[in-house]
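Dropping the sequence and predicted coords here.
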Amino acid sequence: MTIVQSISRRGFIVSGAAAIGGLSLGFRVPFAGEALAAEAVPEVNAWVVIRPDETVVIRIARSEMGQGTLTGLAQLVAEELGCDWSRVTTEYPTPGENVARDRIWGNFSTGGSRGIRESQDYVRKGGATAREMLVAAAAAEWQVPAADCSVDKGVISHAASGRSTTFGKVAAAAAQLTPPAEVRLKDPKDWTIAGKPLPRLDTADKLTGKQVYGADIVRPGMVNAAIKACPVFGGRVKSFDAAAVAGMPGVRQVVQVDDTAVAVVADTWWRAKTALDALPVVWDEGPNTGVSSASIAEMLTAGLDADDAFIGNQIGDARQAIAGAAKTVTGTYAFPYQNHATMEPMNATALWTPERCEVWCPTQNGEAALAVAAEAAELPVRQCDVYKLHLGGGFGRRGNFHDYVRQAVLIAKQLPGTPVKLLWSREEDMLHGAYHPTTQCKLTGVLDADGTLTALHMRISGQSILAAVRPEGMQNGMDPVVFQGLVGSGAEGVIGYTVANLLVDHAMRNPPVPPGFWRGVNLNQNAVYLECFVDELAHAAGQDPLAFRRKLMVNHPKHLAVLEAVAQGIGWGSPPPEGRHRGLAQIMGFGSYVAAAAEVSVTDGRLRIHRIVAATDPGHAVNPAQIERQVEGSFVYGLSACLYGECTVNGGRMEQENFDTYTVLRMDEMPAVETIIMPSGGFWGGVGEPTIAVAAPAVLNAIFAATGKRIRTLPLVNHDLKSA
């Protein structure tokens, strides 16, 4: 298949501030320990820091990896604080500080599009509490009721007396006051900072090169390390000849890391990498050398008709309805392994001594990185800390997996007192990922005489992420995450159709390839399975795909609203331009309702995606401009996966080692994306991941409209798209 596209745009802690000339204002989060309230001497550890020059530093616990969480959270705090946005800057607290202060900043984990939606309440309260304290300090100085004072852009005013002051001038006095037990948050309709399309706070440093990523870290006396682990999953180091490279330029040391990898330490990374490439290593490849994509597919196919399966959603009796049906429609789909392929490979810099361990690294979960560092360092957590940096891509790879942190610390332990920067090569990064799991899905539907769907059975066969990564999240042996977008209730993904007889189940099959959370997680393949098959059902019923869906969505108004929005936006129901064809898809996941309508053309097997209209209902829109960017970016990711994304296994290892064999979408292939943001209020949804899921099914359904070919396996590059 040839793919061608057009280019387009694309509680409360008070600081001893007088000593340092500023004030740190925060609050006691709901889950913080009682010890905080009893502290006699408040310390600098809070959400808001106000400097004498009126600069407002907002501390952000969640990680920034390009998704805009840092700016969005700062907007929420600043909104309640009532400060001057032009004076706002941000900084990360460390996870070590968070643990020492009884987790005053709460959860450091940034994944599942939860950065804002799961912390918005307590960070807003942090800003509101700070505002109340500052107003109370000014009111006490003027001897007027605090209720008679107002705040605007960091200025506190008392209209009756005509007096005013600034945050910086009353900060020290505010530090001495008792925080209010309760604060009232603003109604979103009154927002002036939150809810606005403000420029991101991290853009300028990225444009000028000032932003420091993990790969950029330089510490006094630092050395560099390159590492290589056995490329076969489950393999180990058998032997290596350190003497063969000991005399190479810049080489300091050759070390074994656990029993799986070997690293070379040198004065520069390139010298370390050069020596590592020359190092004779013998691997014990272990029991998985016979594993291949074909053997894994065979395992999953067997699960499609197996008796053992976990039930994720059940209404009525789908099996009986299908068994007694005069006519059924069936389809079997498959989704491949995919790599996170972050632009910045895994890296961490570690400094170890017998008394303390410090790590500088990009991480989606600072506390998890800290736990891994402490374990590897064999030191108590209180003697360790992690300094978070902006991530050059995360997508889930740097959330639950901190193998690179562990490796850096283990190497640093063999060079006490010397900072060691470990940087994985691209090949190492591609061969030792935590891959989007592979699954297959067999769908069977029953249509009555009126063409209405009366029964649906979705049998998913494939890997469980939780079984490998977080087994404590399993429910009586079942992985609930497998059913994302297909369940009957909950915030993570409710199915948008009402079917009288419904069965969604999972035959768990876990090959030895390590799975992981990959941006969009299971919503991605579940949207393909469900939305493409619903399209099949519509055509089998001889009905318009939108009209067919409408009948099933009467009880799902929010799902239907985003679908109707993209249908209107793409011009559904009116003829498309000559040679173009359209497809629809919708899903709910990560707390948000999303839909997409794609317009494509296929000429002599050459695909061109002209435009995509995307609608998102996240409940509340903290920064509409950033939501638009996230939607566009999610289509880059989703279309890359749809068109090219596949990791294949041969000999127990991945075959794709770099971007020459793992292709991603190019700029000139990106379609125009028209984003519709339609927050309906009353809930908080995510925006970084949901719309990825509707990219592929919308395009696949449009391809069927164009060619009459139903594509049930990805990526598209493996298919001939010439008309049937």
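Perfect, I can see it now. Numbers count the residues shown, from 1 in each chain.

tally of neighbours for residue 56?
Look at residue 56: counted by other C-beta atoms under 10 Å, it has 26 neighbours. Backbone N, C-alpha and C define where each C-beta goes, glycine included.

Show the pLDDT at the closest residue to it other than its chain neighbours.
Closest residue to residue 56 apart from its sequence neighbours, by C-beta to C-beta, 6 or more residues apart in numbering: residue 83 at 4.6 Å. pLDDT recorded at residue 83 is 95.

nearest residue to residue 558 other than its sequence neighbours?
Per C-beta to C-beta, 6+ apart, closest to residue 558 is residue 593, 4.7 Å.

List the residues that contact the residue nearest to residue 56.
Contacts for residue 83 (C-beta atoms under 8 Å, 6 or more residues apart in numbering) come out as 56, 153-154, 167.

just the buried members of those residues?
With burial judged by 16 or more other C-beta atoms under 10 Å, the buried subset of those is 56, 154, 167.

ok so, going back, SS state for the residue nearest to residue 558?
Using DSSP: H, G, I helix; E, B strand; the rest coil, the structure places residue 593 in strand.

what's the distance between it and residue 691?
Note on residue 593: its distance to residue 691, by C-beta to C-beta, to the nearest Å, is 10 Å.

list the residues that contact both of those two?
Listed as contacting both residue 593 and residue 691 by C-beta under 8 Å, 6+ apart are residue 616.

I'd like the mean pLDDT over the host helix or strand of residue 634, please.
Following DSSP states H and E, one finds residue 634 within helix 624-643. Mean pLDDT, computed over helix 624-643, is 97.

One more: stretch 555-569?
The pLDDT scores in stretch 555-569 average 98.

I'd assumed residue 75 was in a helix, is it?
Yes. Counting by three-state DSSP, one finds residue 75 located in a helix.

Verify the stated contact: it with residue 197.
No. Applying C-beta atoms under 8 Å as the test, residue 75 and residue 197 come out as separate, 10.4 Å apart.

Now the common contact residues for these two.
Common neighbours of residue 75 and residue 197 (C-beta under 8 Å, 6+ apart) are residue 623.

Comparing those two, which shows the higher neighbour count?
Neighbour totals were compared for residue 75 and residue 197, and residue 75 leads with 27 against 13 (other C-beta under 10 Å).

any idea how far that one lies from residue 60?
The gap separating residue 75 from residue 60 is 11 Å, by C-beta to C-beta.

Residue 334: which element?
strand 328-335.

In terms of secondary structure, what does that strand contact?
strand 439-447, helix 523-540 (3 or more C-beta pairs under 8 Å, 6 or more residues apart in numbering; DSSP states H and E).

Please identify the deepest-packed of these.
helix 523-540 (a mean of 25; mean count of other C-beta atoms under 10 Å).

Name the nearest residue to residue 397, ignoring sequence neighbours.
Closest to residue 397 by C-beta to C-beta, 6+ apart is residue 340, at 3.9 Å.

residues touching the one you found, list them.
Counting by C-beta under 8 Å, 6+ apart, residue 340 touches 393-397, 433-434, 436, 516, 518-519.

So what's the gap between stretch 251-258 and the chain middle?
Centroid separation for stretch 251-258 versus its chain: 33 Å, with C-alpha atoms, centre = their mean, to the nearest Å.

residue ranges of the helices in the stretch 601-724 of the chain, please?
624-643, 692-707 (DSSP state H, counting those that start in this stretch).

Please work out which of the ones you listed is packed deepest.
Among the helices of the stretch 601-724 of the chain, helix 692-707 has the highest mean neighbour count (mean count of other C-beta under 10 Å), at a mean of 28.

got the angle between it and helix 624-643?
50 degrees (axes from the mean of the first three to the mean of the last three C-alpha atoms, to 10 degrees).

Give the other helices and strands that helix 692-707 contacts.
Packing partners of helix 692-707 (3+ C-beta pairs under 8 Å, 6+ apart): helix 523-540, strand 581-589, strand 592-603, strand 606-617, helix 624-643.

Convert the longest one to CSV, retaining C-alpha atoms only.
What follows is helix 624-643, C-alpha atoms only, in CSV (Å, rounded to 0.1, in the frame of the first residue of the first chain):
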residue,chain,number,x,y,z
PRO,A,624,-9.0,25.3,24.9
ALA,A,625,-5.9,26.0,22.8
GLN,A,626,-4.0,23.2,24.5
ILE,A,627,-6.9,20.8,24.0
GLU,A,628,-6.9,21.6,20.3
ARG,A,629,-3.1,20.9,20.2
GLN,A,630,-3.6,17.6,22.1
VAL,A,631,-6.3,16.5,19.7
GLU,A,632,-4.1,17.2,16.7
GLY,A,633,-1.2,15.5,18.4
SER,A,634,-3.3,12.5,19.2
PHE,A,635,-4.1,12.1,15.6
VAL,A,636,-0.4,12.1,14.7
TYR,A,637,0.1,9.3,17.2
GLY,A,638,-3.1,7.4,16.3
LEU,A,639,-2.6,7.7,12.5
SER,A,640,1.1,6.6,12.9
ALA,A,641,-0.2,3.5,14.6
CYS,A,642,-2.9,2.9,12.1
LEU,A,643,-0.8,3.4,9.0
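
I'm done for today, thanks for sticking with me.
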